[in-house]
Structures are given as structure tokens and as C-alpha cells.
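Student: Below is the sequence, then the predicted model.
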Amino acid sequence: MGDIYSEIGLRVRRERKRLGWTQEELGEKTGMHSAYIGQIERGTKKISLAALQRLAQSLGLRIGRLLDELLPPSSCADEWNSKIDGLLRDKSPQEQDLLYSTLRHLSKSMHKKKK
């Protein structure tokens, strides 16, 4: 096991990628520079508790999730749900409805093509 900063950085990277975000997108959501996000993810920067809390909140997690050593593996469905949640999180209810309708229409269209 590496040092605690490397472990936290790996967890931050995993959660960011699970949501389908770039370092720039996570930086925008946290108010942190993308270079700083990269340093955190590589474990080369010692992160403060306040910064860790901002990251956890932006990722939709409790801070303990980034500190927990024994994380259960997430299922594929959990990963997709998290990615979709990440897309919808900052959208208005009208935008969420539009995205849902678009996805539903696309799904129906794909189903028809299989027949």
C-alpha cells in the first residue's frame, strides 16, 4: 500500500472517471485548478481536509468514501448510474427532462433497429 496521499489520489481519480469528468471539469466544480487536481490524483500534493471535503461534495460523496481503505467494488450498473447522475446533477429540471426524453427516444430507436 502506498502513502495516504497516493491512496486518496487514486480514489479521487476513480470517482472522477466514474462520473465521466475530466480534471478540468472537476476543477470547475470544486473551484480548484486542474493542475492541482492532477497533483492530488498523482499523490504529489498534500491535500487539506477542507480541499478533500470540497472534492467529496463535488463528486457527490461523503468524505469518508475517499478515506476508506476497504471500498467494495462497484457494479457496472452502479457505474452507469453514477455517470448519468453526474450528467444530470447541475442541470435544471427542464434540462433533465429533455435529456431523459432524448435518451428514451434513442433507446426506442435502437430497439426498433434490432428487430
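Tutor: Now that the structure is in, tell me what you want to look at. Numbering: from 1, shown residues only.

Student: separation between Q39 and G20?
Tutor: Taking Cβ to Cβ, to the nearest Å as the measure, Q39 falls 21 Å from G20. Yep, even glycine has a C-beta here, placed from its N, CA and C like the rest.

Student: Neighbour count: the two, which is higher?
Tutor: Neighbour totals were compared for Q39 and G20, and Q39 leads with 17 against 14 (other Cβ atoms under 10 Å).

Student: what sits against the closest residue in space to that one that isn't next to it in sequence?
Tutor: Leaving aside its sequence neighbours, Q39 sits nearest to K45 (Cβ to Cβ, 6 or more residues apart in numbering; 3.6 Å). Taking Cβ atoms under 8 Å, 6 or more residues apart in numbering, we find K45 in contact with Y5, Y36, Q39.

Student: Repeat the analysis, applying 10 Å as the threshold.
Tutor: Y5, G9, A35, Y36, I37, G38, Q39, A51 (Cβ atoms under 10 Å, 6 or more residues apart in numbering).
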